[in-house]
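Colleague: Sequence first, predicted model second:
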Amino acid sequence: MKLAKRMLFNKRGSLIGAVLAVTIGILVIHVNFVIFQGLFDAIVRDISEYRNGDVLVTNEDDYIDKSDSTIVRFFERISYVEAATPRLSSTAEMEITKNGKLIEKTRIPVVGVDPFTDIRASTVHETVTEGTYVFSRNSIVLGNTVANDLGGAVVGDNVKVMIIDRWGEEQTKRFTVSGIAKSPGGQGFDYSAVMHIDTLRDMTDRVDQTGSIMVKLNDPSKAFEVKEFFLASFPNDDFLAETIEESAEQQLAGFRSGIAMINMIGYFGMMSSAFAIVTIQMMLVNGKTKEIGVMRAIGAKRKDILIIFIFQGMLIGAIGAGVGTATGLGYTIYAKETKMSFNNSLPLEVSYNWEKIIQTALASFVLAIIASLYPSYRATKLLPVEAMRTG
Amino acid sequence: MKALDDVSFSIEQGEVVLIVGSSGSGKSTLLNMIGLLDSPTNGNILIDGTNTTTLSDNQISSFRNKKLGFIFQFSNLLTDLSVLENILLPIQIAGSELSSEKDAIDLLKAVGLEDQVYKRANKISGGQAQRVAIARGLINRPSIVLADEPTGNLDSVTSQTIVDLMKSMAKKLNQTFVIVTHDRQHFGEVDKVITIKDGKAFQDEEASTMEITV
């Protein structure tokens, strides 16, 4: 073992090369994970924070007819629940007069919120970068994109909103812009308008109806239990309760396959590292041909030679896995601490997936050993006299 | 074409035997066969009563480790190891430590290198390296030490020192030495000289305990 260590450490260039190969393999996987899983988790986070909560309650066919305050109160009695809030959605046409010019915009998604419960169950209000969140029945928050499309609407502007009610009649109301919402990556309500839920109910003639109840948990891991408890408590209603994984599945399905592909690329990278180790180990064997011959001459068995080079593979694997994991973790910490984002997009939701970190380190360690098998086998095949002559 | 043909001789315990001959005569091939580094197409090599030609690869390795010591022309020390570690290598390969470090240091004293114990093998001179190789060849108390042109790479003064050292060790330890050389005169009086010519062996003396037939 001592000899194996010395042989390897005295060939610093080869050692560094082999360790770098393993390190880069691991780093690629860590970087992929931080970026793509981080992006995925960030989207999940934003969908959860802005739209669906940890549990989303809707009606199987239509709108929820049960009183929203009854459902909200029910949820808020559950210890895992932090808050619950009703939401109602529709689409609207808007008009604004800017500098004497009438600007129209159609098919704008409109979300009705209860300002008092919404700020507890959602962080949408934090995306209001100018002005304030919806505070009265005639205030409206415009998404940044909508505001731009309306000729650069600003806080205090007056907008005319037209909505087709449930009977097909056009309902018109004037609102004062109370705030402009802008979220990183546009995952919030940048393309929507937010108004008081009662106003939207009036305009759509859906008094006492609710589109969904968004439930925020203080322990998101209990989402399934909360959902099941809710459904069991209202067996005669046509409620549909979904965890964030279920409610966002459609939006995330494509992304999930993307991540799987990126992970595959990462593992292919690791395979390239294995080829690099094979090459470097072959160089080590070639460079030590004479020594192998001498050792065989003085009594080393083929098995002894095999052990030396496999042990070297283990050393390369162990050092590479250590350095690679440390570097990868360094990058992960950096990404987490700096709330890394690209081109002002949404900040990555960086997490430490210890299972994956350990799995990656072990995989690269095992791969380094496997990559050492062929060069080690080649070393055992050397005949002492030939080896001493060649070296 | 045969490298060696109809070669048969015996070596007795404690003898210093020279194998001489011109370049390409087959003397190194003979030494490699005695050292089990090469095997004859026909015939037997008997060492301490063991017919070595019937041994498996693992048995050959063990046999080489326990019964044979090697001194090569270029010393062939492992440059990654220290002088002491090089001497201890056969012991470590055998898997036994057995107060071997003390033996190794005693051997280093015997070859006059007690001050070089922890030096890296590539930091010592050619003559010193060859003395370390002698110590390494002797550490396992082998039945035979095989030396292939041990002075071939040294100047004449150093060569004489190495020859004298081998002869004195042979006498002191009652150790058998089989030495291939083309430098007969350096060795002076030895127990036996085997001359290889055109693959055939000619012997100036006869003995009986160790028998080699190729």
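Modeller: That came in fine, so what should we check first?
Colleague: going forward, measure contacts and count neighbours with C-alpha atoms only.
Modeller: Fine.
Colleague: Next up, phi/psi of the residue nearest the centre of chain B, please.
Modeller: Centroid-nearest residue in chain B, with CA atoms, centre = their mean: B:Leu146, separated by 1.8 Å. With angles defined as degrees, to the nearest 10, B:Leu146 sits at phi -110, psi 120.
Colleague: ok now do the closest residue in space to B:Phe63 that isn't next to it in sequence, which residues does it touch?
Modeller: Sequence neighbours aside, A:Gly299 is the residue nearest to B:Phe63 in space, at 7.3 Å (criterion: CA to CA, 6 or more residues apart in numbering or on different chains). Residues in contact with A:Gly299 (CA atoms under 8 Å, 6 or more residues apart in numbering or on different chains) are B:60-66, B:90, B:93-94.
Colleague: model confidence over stretch A:267-275, on average?
Modeller: Mean per-residue pLDDT for stretch A:267-275: 83.
Colleague: So for it, what gets flagged as buried?
Modeller: Within stretch A:267-275, the residues that qualify as buried by neighbour count (16 or more other CA atoms under 10 Å in any protein chain shown) are A:267, A:269-275.
Colleague: Now go through the residues you listed and say which are in helices.
Modeller: Among these, DSSP state H puts A:267, A:269-275 in helices.
Colleague: tell me which parts of the stretch 151-300 of chain A are close to chain B?
Modeller: A:290-291, A:294, A:296-300 (CA under 8 Å from any CA of the partner chain).
Colleague: Dump the residues you listed to JSON lines, plus secondary structure and pLDDT.
Modeller: JSON lines is the format used below for those (DSSP: H, G, I helix; E, B strand; the rest coil; pLDDT from 0 to 100):
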{"residue": "A:Lys290", "secondary structure": "helix", "pLDDT": "86"}
{"residue": "A:Glu291", "secondary structure": "helix", "pLDDT": "86"}
{"residue": "A:Val294", "secondary structure": "helix", "pLDDT": "90"}
{"residue": "A:Arg296", "secondary structure": "helix", "pLDDT": "90"}
{"residue": "A:Ala297", "secondary structure": "helix", "pLDDT": "90"}
{"residue": "A:Ile298", "secondary structure": "coil", "pLDDT": "89"}
{"residue": "A:Gly299", "secondary structure": "coil", "pLDDT": "90"}
{"residue": "A:Ala300", "secondary structure": "coil", "pLDDT": "90"}
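Colleague: Quick check: residues of chain B near chain A?
Modeller: Counting by CA under 8 Å from any CA, chain B sits next to chain A at B:32, B:37-38, B:57-58, B:60-66, B:68-70, B:76-78, B:80-81, B:90, B:93-94.
Colleague: Tell me the residue of chain B that sits nearest chain A?
Modeller: B:Asn65 (4.0 Å; CA to the nearest CA).
Colleague: Check for me that B:Leu18 belongs to a strand.
Modeller: Yes - B:Leu18: assigned to a strand according to DSSP: H, G, I helix; E, B strand; the rest coil.
Colleague: for residue 186, what are its contacts?
Modeller: No chain in the question, so chain A it is. Counting by CA under 8 Å, 6+ apart, A:Gly186 touches A:345-346.
Colleague: not quite, I wanted chain B
Modeller: Contacts of B:His186 by CA under 8 Å, 6+ apart are B:159-160, B:163.
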